[in-house]
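Peer 1: got a structure for you, letters missing:
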């Protein structure tokens with residue numbers, strides 16, 4: 001059957017009707033109020049791509065590096081072209097339209113329906129896939145078939161391809177069904193969490209707005225927020241939002257449109273006590289049926305409640321404990337500060353994802369501005385969309401004008417572990433690029449400047465429980481871009497920090513090193529570095545923390561105060577950076593090394609020094625001599641180099657003889673310099689390949705030479721998170737692999753798998 005009625009499916013039919021279809025069928029079967037619907041099955045999608053012969057081309061098109069934005073865009077465009085450009089078989093069209101005609105028993109000749117994607121890998125207990133595929137509202141017969149195809153095509157949007165790659169789902173293994181459901185022309189709607197989505201506390205969180213619920217889920221409106229104690233059924237807290245817009249059906253065209261909320265309703269409470277009571281009762285019934293906390297979409301018309309969707313909450317911590325800094329688990333903005341220093345609060349909103357983060361503001365008003373979001377920035381935007389996920393992964397925090405606890409920004413931020421404050425109304429107007437702020441995703445506050453040590457100490461913290469680490473002979477470390485990420489990085493269970501970048505500690509001052517020293521003095525500059533490294537070294541002690549000395553290109557320095565004197569370089573990546581700049585400016589470089597000397601004097605013997613962009617043994621000897629000049633004994637302290645050029649790989653034996661303790665591969669630079677491919681140039685992005693035979697040959701030779709000279713080897717480039725690279729490195733005998741925070745656990749398991757295979761191969 002190409003089509004199944006909703007009452008014929010349940011939770012065991014995910015392979016046939018996808019996560020959304022199975023959930024709705026289960027709800028309907030449990031007697032819950034679900035509008036009538038049918039499902040165009042996942043098998044129908046599979047038959048369509050196979051019988052029309054587009055399947056091989058489709059999966060070949062999306063087999064790309066998900067971190068390559070240009071390749072990702074091309075893949076999505078080609079997939080859409082293949083699906084939408086291929087005619088649906090006539091027999092299938094007729095079956096879909098005939099079933100549509102029988103919806104509601106054929107009572108409505110021209111029924112308005114919602115057409116919702118329902119992938120076979122979504123709404124799962126460990127991956128929500130929130131907002132990945134399309135939904136179309138108020139669809140009629142004329143557009144139904146085309147909307148079904150558009151849902152199929154949405155399985156291969158950029159955001160969907162990226163998310164599956166990050167979650168480890170094979171594209172070829174995921175199918176998509178389409179739910180066609182009678183529209184509920186809601187007067188009020190929203191989302192309900194049957195347990196607190198961050199802490200798992202026994203309280204129901206309900207969000208409500210006027211009109212259709214699409215605006216709440218998409219974060220286009222800041223909804224009312226109600227917090228209900230499940231044990232007493234009391235409404236503990238009510239937050240009434242200024243609801244500026246609402247999603248409605250245009251009575252003339254039947255299309256969904258956003259329109260202003262009437263003035264008398266903007267700040268009026270959406271739900272009355274009876275409606276809240278009805279929702280809570282239904283929520284408890286849903287959770288009782290599934291046995292797990294649920295995220296439920298609902299709608300109300302003429303006083304009647306309808307359930308539109310239910311999925312498991314994927315963001316509750318396994319331990320059930322609050323995360324660090326959680327004040328009361330409410331997720332509701334408060335005006336008070338526990339340390340009494342509330343005067344510097346510049347904005348408030350809804351605390352949607354727990355934790356505190358400091359960073360520079362990056363205001364994003366258009367999708368083409370995402371490139372300006374750097375590692376550790378705070379994204380400030382009207383509302384997030386699924387296309388922003390790659391940038392959200394780089395960000396230290398998220399702030400939005402609109403949205404609530406169930407908006408895309410809130411759901412994805414909780415899943416990424418990124419603090420978020422939503423529904424501020426005016427953040428994009430009041431915050432400007434580069435401004436340093438601290439956001440509190442528990443209290444819903446945004447404060448001026450970075451969090452101080454005293455402020456952090458004032459909050460009673462519960463350290464996240466480190467996950468059980470797979471035992472491996474090859475160490476798995478973590479890359480840390482900003483000191484503020486140290487706690488989350490340590491909670492991964494990594495064996496140490498394979499790369500702590502010094503750039504952020506210096507560039508975040510807003511001044512070039514020379515300018516900062518001139519304005520504030522040498523000691524202040526050294527202390528900036530000491531404090532940045534110290535915070536990470538504390539979190540990981542006694543595990544090693546490998547710190548790379550300053551490696552910022554001139555175009556980054558030019559944007560800072562004092563940057564007018566920086567040289568104008570045609571390609572800064574090939575220019576005045578890394579160890580060559582440091583050795584050329586010993587009067588500045590000596591202060592970086594002095595910071596290391598002070599840290600050693602404070603007892604931080606887990607800190608290691610790493611020199612970037614070395615080319616030959618002369619660079620190494622000069623750097624080693626400067627260590628000695630500031631009072632650091634190279635024989636007693638661990639120090640080493642980045643292998644980022646073919647020259648350094650080919651000269652590694654002489655460097656080993658010069659006394660380095662380790663060599664770490666920076667694959668981004670090593671690849672671009674080996675293949676003559678500018679990694680920032682979209683014209684040649686498709687030729688950037690860290691797994692190119694020439695790159696692997698240089699890495700393999702370096703590892704072999706280092707093993708002969710008792711020098712440990714590591715990788716800290718992006719490629720270290722790729723399974724193919726992990727397999728190659730472990731087989732070659734690399735000492736450690738350093739991965740991004742979100743990839744540590746996957747790399748640990750991949751290393752274990754490869755090592756076990758090596759052991760098995762030796763005994764077979």
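Peer 2: Arrived safely. Since the structure is predicted, the reported quantities are computational estimates derived from the model, not experimental observations.
Peer 1: only C-alpha atoms for contact and neighbour calcs from this point on.
Peer 2: OK.
Peer 1: what's around residue 274, how many residues?
Peer 2: 10 (other CA atoms under 10 Å).
Peer 1: now do the helices in the stretch 351-500 of the chain.
Peer 2: 389-394, 408-416, 427-430, 453-458, 486-490 (DSSP state H, counting those that start in this stretch).
Peer 1: pick out the shakiest of those, pLDDT-wise.
Peer 2: When those are compared by mean pLDDT, helix 453-458 comes last with a mean of 41.
Peer 1: residue 582 should be in a helix, yeah?
Peer 2: Yes: counting by DSSP: H, G, I helix; E, B strand; the rest coil, one finds residue 582 located in a helix.
Peer 1: list the residues that contact it.
Peer 2: Going by CA atoms under 8 Å, 6 or more residues apart in numbering, residue 582 touches 550, 588-589.
Peer 1: let's see it at 6 Å
Peer 2: Contacts for residue 582 were tallied using CA atoms under 6 Å, 6 or more residues apart in numbering; they are residue 589.
Peer 1: could you measure from it over to residue 589?
Peer 2: 5 Å (CA to CA, to the nearest Å).
Peer 1: how about residue 73, phi and psi?
Peer 2: With angles defined as degrees, to the nearest 10, residue 73 sits at phi -60, psi -40.
Peer 1: okay, now it: neighbour count?
Peer 2: Residue 73: 16 surrounding residues under other CA under 10 Å.
Peer 1: can you show me the strands along the stretch 401-550 of the chain?
Peer 2: Taking DSSP state E, counting those that start in this stretch as the test, the strands found in the stretch 401-550 of the chain are 420-422, 436-440, 445-448, 475-480, 497-501, 545-548.
Peer 1: quick one: distance of the next helix or strand after the last one to the chain centre.
Peer 2: Same thing as strand 545-548. Next along the chain after strand 545-548, taking DSSP states H and E as the criterion, comes helix 554-558. Offset of helix 554-558 from its chain centre (CA atoms, centre = their mean, to the nearest Å): 27 Å.
Peer 1: pLDDT of helix 554-558, averaged?
Peer 2: pLDDT averaged over helix 554-558 gives 82.
Peer 1: any residues touching that helix, and which ones?
Peer 2: 563-564, 566.
Peer 1: and residue 672, how far from residue 565?
Peer 2: Separation of residue 672 from residue 565 (CA to CA) stands at 28 Å.
Peer 1: of the two, which one has the most company?
Peer 2: Shown here are residue 672 and residue 565; by other CA under 10 Å, residue 672 has more neighbours (21 against 9).
Peer 1: contact partners for that one?
Peer 2: Residue 672 sits next to residue 678 when contact means CA under 6 Å, 6+ apart.
Peer 1: that one is in what secondary structure piece?
Peer 2: Here residue 672 is assigned to helix 667-675, by DSSP H and E.
Peer 1: same thing with residue 206?
Peer 2: Element membership for residue 206, per DSSP H and E: strand 203-210.
Peer 1: elements contacting that strand?
Peer 2: strand 188-193, strand 224-229 (3 or more CA pairs under 6 Å, 6 or more residues apart in numbering; DSSP states H and E).
Peer 1: how does it look with 8 Å?
Peer 2: Secondary-structure packing of strand 203-210 (3 or more CA pairs under 8 Å, 6 or more residues apart in numbering; DSSP states H and E): strand 188-193, helix 214-217, strand 224-229, strand 245-249.
Peer 1: closest to residue 617 out of these?
Peer 2: Closest to residue 617 of the helices and strands packed on strand 203-210, according to CA to CA: helix 214-217, at 57.6 Å.
Peer 1: show me the residue at the heart of this protein, geometrically.
Peer 2: Nearest to the mean C-alpha position of the chain, counting by CA atoms, centre = their mean, stands residue 393 at 3.2 Å.
Peer 1: let me see the contact set for that residue.
Peer 2: Contacts of residue 393 (CA under 8 Å, 6+ apart): 416, 418.
Peer 1: phi, psi of residue 426?
Peer 2: phi -130, psi 10.
Peer 1: count of neighbours near the spatially closest residue to it that is not a sequence neighbour?
Peer 2: Closest residue to residue 426 apart from its sequence neighbours, by CA to CA, 6 or more residues apart in numbering: residue 401 at 5.6 Å. Close neighbours of residue 401, defined as other CA under 10 Å, add up to 24.
Peer 1: residue 276 too?
Peer 2: 18.
Peer 1: and it, that one's in a helix?
Peer 2: Yes: assessed with three-state DSSP, residue 276 lies in a helix.
Peer 1: determine how far stretch 189-198 lies from the middle of the whole chain.
Peer 2: 21 Å.
Peer 1: now stretch 500-507
Peer 2: Chain-centre distance of stretch 500-507: 21 Å, with CA atoms, centre = their mean.
Peer 1: now swap in stretch 27-39 and tell me
Peer 2: Computed by CA atoms, centre = their mean, the chain-centroid distance of stretch 27-39 equals 33 Å.
Peer 1: how about that stretch: buried residues?
Peer 2: Buried residues in stretch 27-39, counted by 16 or more other CA atoms under 10 Å: 27-29, 32-39.
Peer 1: and stretch 610-630, by the same measure?
Peer 2: Under 16+ other CA under 10 Å, the buried positions of stretch 610-630 are 610-617, 619-620, 623-624, 626-627.
Peer 1: give the rounded mean pLDDT of that stretch.
Peer 2: Here the average pLDDT along stretch 610-630 is 96.
Peer 1: that older thread, and among the helices and strands packed on strand 203-210, the most buried is which?
Peer 2: strand 188-193 (a mean of 27; mean count of other CA atoms under 10 Å).
Peer 1: any idea which helix or strand of the chain has the worst average confidence?
Peer 2: Taking mean pLDDT, DSSP states H and E as the measure, the chain has helix 453-458 as its least confident helix or strand, at a mean of 41.
Peer 1: what comes into contact with the helix or strand where residue 300 lies?
Peer 2: Assessed by DSSP H and E, residue 300 sits inside strand 294-301. For strand 294-301, the external contacting residues (CA under 8 Å, 6+ apart) are 184-195, 212-213, 283, 286-287, 305-313.
Peer 1: please apply the same query to stretch 642-655.
Peer 2: Under the criterion CA under 8 Å, 6+ apart, residues 610-617, 620, 663-670, 673-674, 698-699, 701-702, 705-706, 709 lie in contact with stretch 642-655.
Peer 1: at 6 Å instead, please
Peer 2: The contact list for stretch 642-655, computed with CA under 6 Å, 6+ apart, reads 612-613, 615-617, 663-666, 669-670, 702.
Peer 1: with secondary structure and distance to residue 368 added, can I get those residues in JSON lines?
Peer 2: Listed next are those as JSON lines, based on DSSP: H, G, I helix; E, B strand; the rest coil; distance: CA to CA, whole Å:
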{"residue": "612", "secondary structure": "coil", "distance to residue 368": "31"}
{"residue": "613", "secondary structure": "coil", "distance to residue 368": "31"}
{"residue": "615", "secondary structure": "coil", "distance to residue 368": "36"}
{"residue": "616", "secondary structure": "coil", "distance to residue 368": "40"}
{"residue": "617", "secondary structure": "helix", "distance to residue 368": "43"}
{"residue": "663", "secondary structure": "strand", "distance to residue 368": "37"}
{"residue": "664", "secondary structure": "strand", "distance to residue 368": "34"}
{"residue": "665", "secondary structure": "strand", "distance to residue 368": "31"}
{"residue": "666", "secondary structure": "coil", "distance to residue 368": "28"}
{"residue": "669", "secondary structure": "helix", "distance to residue 368": "25"}
{"residue": "670", "secondary structure": "helix", "distance to residue 368": "28"}
{"residue": "702", "secondary structure": "helix", "distance to residue 368": "40"}
